[in-house]
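Enquirer: Predicted model follows, preceded by the sequence.
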Amino acid sequence: MLSTTEQELEKKFQERIDKGESIEAKDWMPERYRKQLIRMMGQHAHSEVVGMLPEGNWITRAPSLRRKCVLLAKVQDEAGHGLYIYSGTETLGISREQMLDELLAGKAKYSSIFNYPTLSWADIGAIGWLVDGAAIVNQTVLAKGSYGPYARAMVRICKEENFHHKQGYEILATLMKGTPEQRAMAQDSINRWWWPALMMFGPSDKDSPNSAELLRWKVKRYSNDELRQRFIDRTVPQAENIGLTLPDPDLKWNEERQHYEFGTINWNEFYEVINGNGICNKDRLKARRKAHEEGAWVREAANAYARKKSGETIAA
Ligand code: BYC
């Protein structure tokens, strides 16, 4: 039960949200708002960092020096996105160590999409085009969300995601102009990544337990299904432009609704993946744990340096 003072504070908080004001780290906020943001932002930060793994797998095998430089830059950008969002989440009173412990213990979620393997070079194109494309649709609206530190991180991230999206599309467009084998490789990749990309937007609205609250607090500005539809509507013409066929026989334009209709998503697969039983879940966590252990000396050195610097500042 909330006390009268808390009820009053909650009412004022909701009024600020309704007026479109930005909530900042030191402002009063309901405990539940703080918890929901820690959950969602923490998952988002983890997704960026785990998301480096499937693409990192191709850095040594990129087909040219130019492709390698671009992919290296993209993967480094993802690390930067993770850092902004971990920093943003820390403003809510949780430490980065706590968040990482939860990830490494398998308690925290990260995006389902990163539990699928990258089997061919075309998958690097598919990730840029579809995964970063889905991320842009989702994150441009998160950039207008109510929590200032999260919304501001999204602005810069979206700019970088635009470059990622273009580089992915360009890889696929190039393959589609290539040999029959290259075209087949691109098509095979889209056949595997299309449906998992649609799952990135989360369960259908009727099965989304967190949406109502997040929409009321304007953390989310549109529902999972609305954003999924927006992504499909803008992606289908792009596929047609370069001759790719999306693997959904039910995909068709509905003139009256001014939207594409699409087939049924395999929600069993989605829940299997987010509950730890996707193709790569175990490998991804193993790789993150190994990287964390091997990076221990870097953290120690950085902490020792920070202590030395703060000692120097105090002495001065
Ligand atoms: N994967 O009530 P719901 C990137 C969970 S990284 C896993 O609808 P919500 C990139 C959900 O957490 C892009 N879990 O939840 C990086 C909840 O479980 P809990 C990552 C999912 O929060 C590198 C339960 O299902 N983007 O772009 O209202 C290289 C019920 O769902 C997923 C973000 O993280 C999923 N797909 O809505 C390239 C964006 N979907 O926590 C690219 C920020 C749902 O109750 N996050 N779940 O145990 C969001 O916008 C929202 O959190 C979601 C889910 C739309 C994902």
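Expert: Received the coordinates, thanks. Numbers count the residues shown, from 1 in each chain.
Enquirer: so which helix or strand takes in the closest residue to Leu104 other than its chain neighbours?
Expert: For Leu104, ignoring the flanking residues on the chain, the nearest one in space by Cβ to Cβ, 6 or more residues apart in numbering is Arg289 at 5.4 Å. No exception for glycine: its C-beta is placed from N, CA and C like everyone else's. Per DSSP states H and E, Arg289 falls inside helix 281-294.
Enquirer: Using PDB, write down the CA coordinates of the helix or strand that that helix is followed by.
Expert: Following helix 281-294 in sequence order, the next helix or strand is helix 296-315 (DSSP H and E). C-alpha atoms of helix 296-315 as PDB (Å, rounded to 0.1, in the frame of the first residue of the first chain):
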ATOM      1  CA  ALA A 296      40.100  -9.100 -15.200                       C
ATOM      2  CA  TRP A 297      43.600  -7.600 -15.400                       C
ATOM      3  CA  VAL A 298      42.300  -4.700 -17.600                       C
ATOM      4  CA  ARG A 299      39.700  -3.800 -15.000                       C
ATOM      5  CA  GLU A 300      42.300  -4.100 -12.200                       C
ATOM      6  CA  ALA A 301      44.700  -1.800 -14.000                       C
ATOM      7  CA  ALA A 302      42.000   0.700 -14.800                       C
ATOM      8  CA  ASN A 303      40.800   0.800 -11.200                       C
ATOM      9  CA  ALA A 304      44.400   1.200  -9.900                       C
ATOM     10  CA  TYR A 305      44.900   4.100 -12.400                       C
ATOM     11  CA  ALA A 306      41.700   5.700 -11.300                       C
ATOM     12  CA  ARG A 307      42.700   5.400  -7.600                       C
ATOM     13  CA  LYS A 308      46.100   6.900  -8.400                       C
ATOM     14  CA  LYS A 309      44.500   9.800 -10.300                       C
ATOM     15  CA  SER A 310      42.000  10.600  -7.500                       C
ATOM     16  CA  GLY A 311      44.900  10.500  -5.000                       C
ATOM     17  CA  GLU A 312      46.800  13.000  -7.100                       C
ATOM     18  CA  THR A 313      43.700  15.300  -7.300                       C
ATOM     19  CA  ILE A 314      43.200  15.200  -3.500                       C
ATOM     20  CA  ALA A 315      46.900  15.900  -2.900                       C
END
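Enquirer: Okay, buried residues for the helix holding Arg289 please.
Expert: Asn281, Arg284, Leu285, Ala287, Arg288 (16 or more other Cβ atoms under 10 Å).
Enquirer: Equivalent analysis for stretch 33-45, please.
Expert: Neighbour-count burial for stretch 33-45 [16+ other Cβ under 10 Å]: Tyr33, Gln36, Leu37, Ile38, Met40, Met41, Gly42, Gln43, His44, Ala45.
Enquirer: ok, and what's touching that stretch?
Expert: For stretch 33-45, contacts defined as Cβ atoms under 8 Å, 6 or more residues apart in numbering pick out 13, 23, 81-82, 85-86, 88-89, 92-94, 99, 102, 108-111, 147, 150, 210, 213-214, 217, 219.
Enquirer: Which entries within these meet the buried criterion?
Expert: The neighbour count (16+ other Cβ under 10 Å) marks 13, 23, 81-82, 85-86, 88-89, 92, 94, 99, 102, 108-111, 147, 150, 214, 217, 219 as buried among the contacts of stretch 33-45.
Enquirer: out of the residues you listed, who's near the ligand?
Expert: Lys109, Ser111, Leu214 (Cβ under 6 Å from any ligand atom).
Enquirer: Which residue is the nearest non-sequential neighbour of the second one?
Expert: Spelled out, it's Ser111. Nearest non-adjacent residue to Ser111 (Cβ to Cβ, 6+ apart): Ser47, at 3.9 Å.
Enquirer: Nothing else from me, thank you.
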